[in-house]
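Undergrad: Generate coordinates for the sequence data below:
(4 chains)
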Number of protein chains: 2
Amino acid sequence: MVSQQRARPGSRTPSVKDVAAAADVSLGTVSNVLNRPERVSPATRERVERAMADLGFVRNESARQLRAGTSRTLAYVMLDATNPFFNDVAQGIELAAEDADLSLFICNSNGRAEREETHLDRLLQQRVQGILITPVNADAPHLDEIARRGIPVVIVDRHRESDAFCSVGVDDVLGGRIAVEHLIEQGHSRVAFVGGPDSIGQVRERLEGARQIWAEFGRNPEDLVWLPTDALSVSEGRSAGERLAGIAARRRPTAAFCANDLLALGLLQQAVGAGARVPEDLAIVGFDDIEFAAAAAVPLTSVRQPRQELGRAAAKLLLDEATNPHHRHEQATFIPELVARASTANRSATQS
Amino acid sequence: MVSQQRARPGSRTPSVKDVAAAADVSLGTVSNVLNRPERVSPATRERVERAMADLGFVRNESARQLRAGTSRTLAYVMLDATNPFFNDVAQGIELAAEDADLSLFICNSNGRAEREETHLDRLLQQRVQGILITPVNADAPHLDEIARRGIPVVIVDRHRESDAFCSVGVDDVLGGRIAVEHLIEQGHSRVAFVGGPDSIGQVRERLEGARQIWAEFGRNPEDLVWLPTDALSVSEGRSAGERLAGIAARRRPTAAFCANDLLALGLLQQAVGAGARVPEDLAIVGFDDIEFAAAAAVPLTSVRQPRQELGRAAAKLLLDEATNPHHRHEQATFIPELVARASTANRSATQS
DNA sequence: GGGGTCTGTTGAAATGTTTCAAGACGTGTA
DNA sequence: TACACGTCTTGAAACATTTCAACAGACCCC
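TA: Sure, this is the predicted structure:
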């Protein structure tokens, strides 16, 4: 009848004290059942456990944490929750956290520095055990401040010059190299690099790698044109596509290397929508190898990052820093690898 | 020099007590500065604030929560973090939480009931203010238990028979109707429904809607064929595509309505990869209208759910339940709408 | 029967904050 | 001068848990 029944009026949620009374033991014993069950005799333990079940006891984590001084949660501050890449990273972290019997608190800065700051503030207040973060700005000064407080911080998908933190990431320069090398092998002699803003470290490094290999093959630097974007998003990819289409045909690149897959998908969509054939008229390489890269109707060639593995490794470093007194900071660098698909199919091959 | 400098050995993180000592006021005054600044004189307030800054004081949320009895966080238990739809919902929740000055704790059950249970356990221990959840199973009994404890629970993207909870969702039957009506209008007389398992409420309802409109147009039920899948994922979409291709040409549906966009993208990929033209040989309609639907190289027609709005509305209901003593449970149902794109372009129209 | 050891159990202290009744102090009024 | 009133400030109690030194009792051995 009453559709919004709440807990009975007089009843608080029961505490250890209530359990102790119900099981007719002392407070300390209840706590022992919770934390060191082997120390209490089977008979008492069973009595206490029954009392807990009867009362519907749920341990109060705040009180536990206040007294014990240690929290049971890790946090990951994501850069962009709408980018599947970061969700895969998060999943890797989550798995590692699960193994260590910790909770993972996921926050999303959404690319906004001030939101990132709010999140970090709150995490500090919560006294989380450690923070994993893909920061908005590479030089986020808050992070140093946090590290100085003794809270482990691991930077994900980004590297710092300094060795003040652990970090995990992929060799972005190498990633840029293999992407463009692949395009060169496919016979392209005029290539676009799509990406930006260049405040983002990855963008700079991937471009750097592209330029390196381009030079090593003795190509003219002017034939590697950079189409800058304001963000690494699908819509920016589309707009880059329009700019690309605007270039006179004889000067237009026949291939594009995009700084991530979202850009590549946008570019692909724009190109196909405008009637271009992919890869015949325009070959496209993305970066990250998110699931949607393979699922695109013209499956996207991409530089794969070990997404989940990245998260897992980051979490491991964090846990080491949190528990191992001899911990030394470490920059874990993974090797990216090219996954060739239809969007760059060999130009001589016919497409079904 | 020392690359892993920690906080100075003897120093704990400072407490209100330390601040009080430094500012030469009582403990209570520091607390007032924190919670009712208007009650303390400007001079003292300034002194206390200076002391906080000097000491690098960070309020201990556990202690606050223990004493105040109320937490400042909401939680969302996601069903599948790799599905962009749920991330958009989460973003809507996050925005509403931000407005209410609450933190959002995001967990991911990943479709596993036991993981969901662990998360809920922990959330109970944390005494979160309320829980938003897209449950793995519609009848999750834990939820009743939690509600009975007086903790507000809102079900997201799913409806319950009972009115024991608030919930938000879209009219899935209507969604199925408009999707199939669109295909009928496009001249299709044999249509496939791709989706499963049918333990999922949305799948059942979307199919139900499809069948309703099919019947209302006087079509033969046998011409609406159901291709069941084991999950709502891209790879299941691909495999459904293979089964579809296996049907003899004269009996094969010319259009498919997929229970969500991931399935639709998988199906699209498989079809195009196998040489079929979309929409000429196979028209495809998805559901959710995730960003990647529009970005697919053959942009996907989809039934749009107001993704972010769904999250926002859910959070509002939760906050109402948490704060308004006269709260009544409410099932908010949004109206889905068809977004027509190239994957079902009018059959008579030529494709650019 | 005294001493030692081992196993379980206890009770009090401690954690960092908020709240609240009560106190201090100053100002204005009779 | 006494009193009332306002404005700030204070100190102690309370929140739910964990920890730890101390203790009770059982058992064994000489």
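Undergrad: drop to CA atoms for contacts and neighbour counts, all remaining ones
TA: Will do.
Undergrad: got the contact list for the helix or strand bottoming out on mean pLDDT in chain A?
TA: None of the helices or strands of chain A scores lower by mean pLDDT, DSSP states H and E than helix A:291-295, at a mean of 87. Identification of contacts with helix A:291-295 by C-alpha atoms under 8 Å, 6 or more residues apart in numbering or on different chains yields A:84, A:261, A:265, A:299-302, A:341, B:234, B:265-266, B:269, B:292.
Undergrad: after it, next one along is what?
TA: strand A:301-304 (DSSP states H and E).
Undergrad: which secondary structure elements does that following strand contact?
TA: Packed against strand A:301-304 by the contact rule (3 or more C-alpha pairs under 8 Å, 6 or more residues apart in numbering or on different chains; DSSP states H and E) you find helix A:172-185, strand A:283-288, helix A:291-295, strand A:337-339.
Undergrad: Could you say which of these is packed most deeply?
TA: strand A:283-288 (a mean of 29; mean count of other C-alpha atoms under 10 Å in any protein chain shown).
Undergrad: Just the C-alphas of it, formatted as PDB.
TA: Below are the C-alpha coordinates for strand A:283-288, written out as PDB (Å, rounded to 0.1, in the frame of the first residue of the first chain):
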ATOM      1  CA  ALA A 283      43.900   6.200 -47.300                       C
ATOM      2  CA  ILE A 284      43.400   6.700 -43.600                       C
ATOM      3  CA  VAL A 285      45.400   5.500 -40.500                       C
ATOM      4  CA  GLY A 286      44.100   6.200 -37.000                       C
ATOM      5  CA  PHE A 287      45.700   5.800 -33.600                       C
ATOM      6  CA  ASP A 288      44.500   3.800 -30.500                       C
END
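Undergrad: Spell out which parts of chain A neighbour DNA strand C.
TA: Within chain A, the residues that sit near DNA strand C (C-alpha under 7 Å from any atom of the strand) are A:24-29, A:32, A:39-41, A:43-45, A:63, A:66-67, A:69.
Undergrad: so of these, which ones are in helices?
TA: A:Leu27, A:Gly28, A:Thr29, A:Asn32, A:Ala43, A:Thr44, A:Arg45, A:Ala63, A:Leu66, A:Arg67 (DSSP state H).
Undergrad: Pick out the most distant pair among these.
TA: With C-alpha to C-alpha as the measure, no two of those lie farther apart than A:Ala43 and A:Leu66, at 30.2 Å.
Undergrad: ok, A:Ala90 touching A:Ala75?
TA: No: in this structure, A:Ala90 is not within contact of A:Ala75 by C-alpha atoms under 8 Å, at 10.0 Å.
Undergrad: what is in contact with the two at once?
TA: A:Ile106.
Undergrad: which one of the two has more residues nearby?
TA: Shown here are A:Ala90 and A:Ala75; by other C-alpha atoms under 10 Å in any protein chain shown, A:Ala90 has more neighbours (29 against 26).
Undergrad: Flag every buried residue along the helix or strand containing the more buried one.
TA: If you go by DSSP H and E, A:Ala90 is part of helix A:84-99. Neighbour counts over helix A:84-99 (16 or more other C-alpha atoms under 10 Å in any protein chain shown) mark A:84-97 as buried.
Undergrad: for those, which one is nearest A:Pro135?
TA: Of the buried residues of helix A:84-99, the one sitting nearest to A:Pro135 (C-alpha to C-alpha) turns out to be A:Phe86, at 12.1 Å.
Undergrad: need the residues of chain A near DNA strand D, please.
TA: Going by C-alpha under 7 Å from any atom of the strand, the residues of chain A near DNA strand D are A:12-17, A:27-28, A:31-32, A:34-35, A:58-61, A:63-68.
Undergrad: which of the residues you listed come close to chain B?
TA: Counting by C-alpha under 8 Å from any C-alpha of the partner chain, A:Thr13, A:Val58, A:Arg59, A:Asn60, A:Glu61, A:Ala63, A:Gln65, A:Leu66 from the residues of chain A next to DNA strand D sit close to chain B.
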